[in-house]
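[1] model this:
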Amino acid sequence: MTNLMIELRRSPRTLLERDGHPGPGAGQLGLVMARAGVGKTAFLVGIGIDALLSGQKVLHVALERSVDKIRNWYEDVLVEMLRREKKLEHSAALQLEIERRRHIHTYVGHSFSVERLWQAVELLRNAMEFVPDVIILDRMELEGFDPALIEGAKSLANEIEAELWMACRTHREGPQGEPGHLPPPADRFEDLVDLAFRLDPQDAKVRLHVVKDQRQMLGRDLNIVLDPQTLLLATGFSAKG
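    Next up, the predicted model:
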């Protein structure tokens, strides 16, 4: 089962492994940017599945989506991965492994706050001995991207040594951002972002760009195509620099 879990890892997160450590690093913020409908949530679910398959614990925090909706998203992506590998017979066992290492929390009606996130993390730690290695904040744009809120969430992630992921909706119309900066509205909190991806739809595919890596703005096309359905690395991808 362990070998299968390694083989299934096809999230862009696998491209970030340095010194044997997956992901951008504890206490760091990874951001994915795209226009509406390109697949930001699917990308984040892929990040979550990748972390789970690598043996890490994941806390998925969703705004305005039900627990069942998020759980179904994970299940659909995992089943699709297994279907393509012709390994569907392992679906039930893998789903169980994922359930053991993943918790989903939802907030509705603008009820999300860093204080409530702290409360959720403390409850998981004290009642279940569950400390996430990865925290995913899904649909944070509904909160208007308050930099103080994002700074607080990143501080929490640093305190418990977890990496933090979130998405940002960009717009075709309107200001496109200054050279050397992230596009609006991500430019409002770009100093907090350690790693930034951009998803660009192109000819029924989605191309992956690295826009920021640590303190350096890149805007580099990785020559990597993502599957438009799952937002996972396409089979036979090329990772030329």
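
[2] give me the low-pLDDT residue ranges for this protein?
    Along the chain, segments meeting pLDDT under 70 span 1, 6, 10, 15-23, 110, 142-143, 173-177, 215-223, 235-241.

[3] Using CSV, write out every CA atom in the lengthiest helix in it.
    Secondary structure assigned by DSSP state H gives helix 67-84 as the longest helix of the chain. Extracted C-alpha coordinates of helix 67-84, given in CSV (Å, rounded to 0.1, in the frame of the first residue of the first chain):
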residue,chain,number,x,y,z
VAL,A,67,-18.0,19.0,5.1
ASP,A,68,-19.7,16.5,2.7
LYS,A,69,-18.9,18.6,-0.3
ILE,A,70,-15.2,18.8,0.5
ARG,A,71,-15.1,15.1,1.5
ASN,A,72,-16.7,14.1,-1.9
TRP,A,73,-14.2,16.3,-3.7
TYR,A,74,-11.3,14.3,-2.1
GLU,A,75,-13.0,11.0,-2.9
ASP,A,76,-13.7,12.0,-6.5
VAL,A,77,-10.1,13.0,-7.1
LEU,A,78,-8.7,9.9,-5.5
VAL,A,79,-11.0,7.6,-7.4
GLU,A,80,-10.0,9.3,-10.6
MET,A,81,-6.3,8.8,-9.8
LEU,A,82,-6.9,5.1,-9.1
ARG,A,83,-9.0,4.7,-12.2
ARG,A,84,-6.3,6.0,-14.4
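
[4] Near Leu150, how many other residues are there?
    To be clear, residue 150 is Ile; Leu isn't right here. For Ile150, the count of nearby residues is 22 (other CB atoms under 10 Å). Yep, even glycine has a C-beta here, placed from its N, CA and C like the rest.

[5] ok, now which ones touch it?
    If you count contacts by CB atoms under 8 Å, 6 or more residues apart in numbering, Ile150 has them with 29, 140, 166, 189, 192.

[6] That one belongs to a strand, doesn't it?
    No: assigned with DSSP: H, G, I helix; E, B strand; the rest coil, Ile150 falls outside any strand and is helix.
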